[in-house]
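[1] compute the structure for the input listed below.
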Amino acid sequence: MLRFVNICLVLGLVALAYVIYQVKYEARALDEEIATLGKQIDEERDGLAVLRAEWSLLNRPERIERLAQKFLKLAPAQPRQLVTLDKVTEHDFERARLEAAAPAPTAAV
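    Modelled structure (predicted):
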């Protein structure tokens with residue numbers, strides 16, 4: 001009887017050692033995955049910082065103004081272009097509607 005109990009205890013200890021080994025192996029794999037994800041997060045943050053800096057550079061007002069002058073050929077509004085509503089005719093509304101419906105010209109960039 002004592003021999004049977006000893007064999008059961010040894011088998012139980014072997015089973016527990018195997019379970020502990022498996023848990024330790026899985027924990028190590030999870031630690032590696034966490035480290036990999038942490039590195040990926042850092043890389044994404046660095047990339048995001050670069051994109052934000054580039055966005056700030058591209059959205060500078062002086063750059064946009066220079067590009068607008070180069071490609072859009074816009075000019076400041078002249079006082080003679082401003083009118084009151086009572087001076088606008090139905091013909092002006094129709095012309096504006098047609099101009100809005102026409103496709104916009106595209107500039108080669």
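
[2] contacts, neighbours, all on C-alpha from now
    Fine.

[3] where does the chain dip in pLDDT?
    104-109 (pLDDT under 70).

[4] let me see the ranges of the helices in it.
    Counting by DSSP state H, residue ranges of the helices within the chain are 2-58, 61-67, 90-101.

[5] okay, those helices in TSV with mean neighbour count and distance to T84 next?
    Listed next are the helices of the chain as TSV, based on neighbours: other Cα atoms under 10 Å; distance: least, Cα to Cα, whole Å:
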stretch	mean neighbour count	distance to T84
helix 2-58	12	38
helix 61-67	12	29
helix 90-101	10	13
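
[6] save those helices as TSV, and put in distance to A77 too.
    As requested, these are exported to TSV (distance: least, Cα to Cα, whole Å):
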stretch	distance to A77
helix 2-58	26
helix 61-67	15
helix 90-101	17
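
[7] which stretch among those helices comes nearest V83?
    helix 90-101 (11.8 Å; Cα to Cα).

[8] how many neighbours does L72 have?
    13 (other Cα atoms under 10 Å).

[9] from I64, how far out is it?
    11 Å (Cα to Cα, to the nearest Å).

[10] cool, and G47?
    24 Å.

[11] can you check T36 too?
    T36 is 40 Å from I64, by Cα to Cα.

[12] repeat for R80
    R80 is 27 Å from I64, by Cα to Cα.

[13] just D92 next, same as before
    Using Cα to Cα, D92 is found at 31 Å from I64.

[14] and K73, by the same measure?
    13 Å.

[15] cool, and R3?
    From R3 to I64 the distance is 89 Å (Cα to Cα).

[16] next, count neighbours for A68.
    13.

[17] may I have the phi/psi pair for the nearest residue to it once chain neighbours are set aside?
    Once flanking residues are discounted, A68 sits nearest to L74: 6.9 Å by Cα to Cα, 6 or more residues apart in numbering. Phi and psi for L74, reported as degrees, to the nearest 10, are phi -80, psi 150.

[18] what about L74, neighbour count?
    10.

[19] then K73?
    8.

[20] that one and R95: what is the separation?
    In terms of Cα to Cα, K73 sits 21 Å off from R95.

[21] cool, E62 as well?
    Note on E62: its distance to R95, by Cα to Cα, is 33 Å.
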